[in-house]
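S.K.: mind looking at a prediction? Sequence and model below.
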Amino acid sequence: MTQKQDFSAFGNSIPPQNIDAEESIIGGILLDPEAMGRIADFLNSKAFYVRINQTIYEAALLLYSQGKPTDLMSVTTWLYDNDLLEKVGGQAKLAQLVEQTVSAVNIDRFAKLVMDKYLRRQLIEAGNEIFKLGYETSLELETVLDQAEQKIFSLTQLRPQQGLIAISETLVQTFQDIENRNQGIDLPGIPSDFYDLDAQIGGLSPSDLIIIAGRPSMGKTSLALGIARNVAEKMPVAIFSLEMSREQLVQRLLASEAKIDSNFLRAGRIAQNQWAPLSEAIGVLSELPIYIDDTANQTVMQMRSHARRLQAAQGSQL
């Protein structure tokens, strides 16, 4: 018996699965008492396509979580006590899985194969759900798009992670990072190129939320734009403005780049000797991967959606 998932959009096509790998995993667990510890942290029971294999794995996983052995006798006993033994094919089925398994040496690789097929099935199911969402005309389009993106994004979180890493594998790189920072070569985060700021916060680190606070006309916007302009020399940057227009922000960037008073630039009072640096500033800024969204009354959900798209398309990190 297989899991009940929605694969209707693919007609008679068989969903991705690897039953041989599933059976090798079950056989390895029943054969080798140490095997479960190598896969329990990333292989969940839902990854199994065949329901029988899923049930057996769930039993072994439960025993393992309780600190009990997962050998043939222990798993058989648990299944019998919970009226599940006959549903998985009886003791003969479990014995068959053990007999056809030579060893559990490759159980890690088999687990990754099973997870690969599971994620592909989940992708198909998400595609079907997104297909149906397209017909939900009662929902706002932005809501539909956000839900669709969230379904795909959530799948990326299911991928196996590295897990425990020996400290010896990290020490060399850690020492190199410390040495580089000591010599002023590198920072923990993305340099803003404002020396005093970088010295205080070590650059802009992933997941940081940095709030620039101050009284009106104290230079908050200028500082934020300056950081964005400097970081854009290294990677794409997104700017969301809920008050100032895109044109106003670009004028400020131009004024800073060309070293012209922004009030003069806004009024069009450009001296003859300022046209050359202004043209040069336009050329420099046009090459930088800065993206501005000045949509008024934009929600956090909309900004998150736009940021995801830019990150996927351009690799933006700020």
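M.R.: Good, I have the coordinates.
S.K.: when you work out contacts or count neighbours from here on, use the C-alpha atoms and nothing else.
M.R.: OK.
S.K.: stretch 211-224: end-to-end distance?
M.R.: Using C-alpha to C-alpha, to the nearest Å, one end of stretch 211-224 lies 10 Å from the other.
S.K.: for that stretch, what is the distance to the chain centroid?
M.R.: 31 Å (C-alpha atoms, centre = their mean, to the nearest Å).
S.K.: please apply the same query to stretch 205-219.
M.R.: In terms of C-alpha atoms, centre = their mean, the centre of stretch 205-219 is found 26 Å from the chain centre.
S.K.: so for it, what gets flagged as buried?
M.R.: Neighbour-count burial for stretch 205-219 flags Ser205 (criterion: 16 or more other C-alpha atoms under 10 Å).
S.K.: now tell me what touches that stretch from outside.
M.R.: Outside stretch 205-219, the residues that touch it by C-alpha atoms under 8 Å, 6 or more residues apart in numbering are 188-190, 220, 224, 317.
S.K.: which residue, other than its chain neighbours, is closest to Ile16?
M.R.: For the record, residue 16 is Pro, not Ile. Nearest residue to Pro16 in three dimensions, chain neighbours excluded: Lys117, at 5.2 Å (C-alpha to C-alpha, 6 or more residues apart in numbering).
S.K.: the one you found - how many residues pack around it?
M.R.: 18 (other C-alpha atoms under 10 Å).
S.K.: mind checking what helix or strand follows the least confident helix or strand in the chain by mean pLDDT in sequence?
M.R.: Least confident helix or strand of the chain, by mean pLDDT, DSSP states H and E, is helix 167-182 with a mean of 71. Sequence-wise, the next helix or strand downstream of helix 167-182 (DSSP states H and E) is helix 195-201.
S.K.: and that next one, how far from the chain's centre?
M.R.: On the basis of C-alpha atoms, centre = their mean, helix 195-201 sits 28 Å off its chain's mean C-alpha point.
S.K.: and Phe42, that's in a helix?
M.R.: No - counting by DSSP: H, G, I helix; E, B strand; the rest coil, Phe42 is not part of a helix but coil.
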